[in-house]
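# prediction below, plus the sequence it came from.
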Amino acid sequence: MTSLRTGTITVGVAGESAMQAFVARPRDAGPHPGLLLFQEAFGVNAHIRDVAGRCAAAGYNTVAPELFHRTGPGFEGDYDDFESVRPHMAALTIEGLEADIRTTYQWLTQDPSTDPGRIVAVGFCLGGRVAFLANLVVPLAASASFYGRGIAPELLPRLGELHGPTLCAWGGQDQHIGLANPRALADALIAAGKTHVHVEFSDAGHGFYCDARKSYHPAAAREAWALTLDFLHRATH
């Protein structure tokens, strides 16, 4: 994580209360491609900040907005206590998430070290769904969703709105999502003629990329991240 510039910004969301976001940039001024990074249900915690650093190290101006800013500014949940997360998850709405996406995207396009024509999104679990939603809402070059619960069936009627190609990574042993909805998404993307990558890691479970969770699967995480970086590079270069 050397040679990075990190910090926190505050932006206003469509007249609502302020939203904070963590920012990680490569050291040099750029311009660099931009990356919207969307959190798990446990907030913009140490793991997400670390992933932001990984993205910046790969050459992306990265911003990770706090999606729970309306109910829990600064919230960082315990991976062993999902009950503390439920009230914040229950309060999320598509309208609110779309407002958060647009606000974060606008900030990133206006950052002088960002190339506004080369912006992508990456997200995990809750954030996997939001990264996919972002590809519907703003003109992304591509998006990558890790085990994005709620993409199918909720967002399937909107596949015609996709701006860029999408990568979706899943764990074959995911007990939270299962495989029926991910495979329904893959079938729907094929039917809609949308460029996409669908990959299942047969021996990995939910949250396999997060090295702070018990479900961390090092081999699947390495392979998925290498695939993601290559996918995003092809979309932005």
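Cool, got the structure.

# contact partners of the longest helix along the chain?
Longest helix in the chain by number of residues (criterion: DSSP state H): helix 218-236. Helix 218-236 is contacted by residues 33, 35, 54, 58, 60, 118, 120, 122, 141-142, 144, 146, 164-165, 167, 169, 171, 197, 199, 201, 203-204, 208-209, 211 when judged by CB atoms under 8 Å, 6 or more residues apart in numbering. Placement of C-beta: from N, CA and C, glycine included.

# buried members of the residues you listed into PyMOL, please.
For the buried members of these, the matching PyMOL selection, counting by 16 or more other CB atoms under 10 Å, is:
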select buried, resi 33+35+54+58+60+118+120+122+141+142+144+146+164+165+167+169+171+197+201+204+208+209
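
# give me the pLDDT value at the residue nearest to P31 when sequence neighbours are not counted.
Excluding the flanking residues, the one nearest P31 by CB to CB, 6 or more residues apart in numbering is D115, at 4.1 Å. Note for D115: predicted pLDDT of 97.

# can you confirm D115 is in a strand?
Yes: using DSSP: H, G, I helix; E, B strand; the rest coil, the assignment for D115 is a strand.

# quick check, it in contact with P33.
Yes: applying CB atoms under 8 Å as the test, D115 and P33 come out as touching, 5.7 Å apart.

# tell me how many other residues surround the residue nearest to P31.
Using other CB atoms under 10 Å, D115 is surrounded by 16 other residues.

# and for Y105?
For Y105, the tally of surrounding residues (other CB under 10 Å) stands at 22.

# ranges for the helices of the chain?
Here the chain has its helices, by DSSP H, at 46-57, 86-91, 94-110, 126-137, 180-192, 218-236.

# neighbours around the nearest residue to G172 once chain neighbours are set aside, how many?
Counting by CB to CB, 6+ apart, G172 lies nearest to S202, which is 3.8 Å off, once chain neighbours are set aside. By other CB under 10 Å, the residues close to S202 number 9.

# for the closest residue to N45 other than its chain neighbours, give me its contacts.
Distance criterion CB to CB, 6+ apart; nearest residue to N45, sequence neighbours excluded, is E76 at 4.2 Å. E76 sits next to 42-46 when contact means CB under 8 Å, 6+ apart.

# any idea how far P218 is from the residue most central in space within the chain?
Closest residue to the average C-alpha location of the chain: G123 at 1.7 Å, with CA atoms, centre = their mean. Separation of G123 from P218 (CB to CB, to the nearest Å) stands at 21 Å.

# follow-up on the earlier one: for the longest helix of the chain, what is the distance to the chain centroid?
Centroid displacement of helix 218-236 relative to its chain, using CA atoms, centre = their mean, to the nearest Å, is 13 Å.

# tell me the angle that helix makes with helix 46-57.
Helix 218-236 and helix 46-57 meet at an angle of 40 degrees, taking axes from the mean of the first three to the mean of the last three CA atoms, to 10 degrees as the criterion.

# can you list the weak-confidence ranges in this structure?
Judged by pLDDT under 70, the chain has its weakly predicted residues at 1-3.

# sorry, back to before: I'd say the residue nearest to G172 and L179 touch.
No: proximity of S202 to L179 does not meet the contact threshold set by CB under 8 Å, at 10.0 Å.
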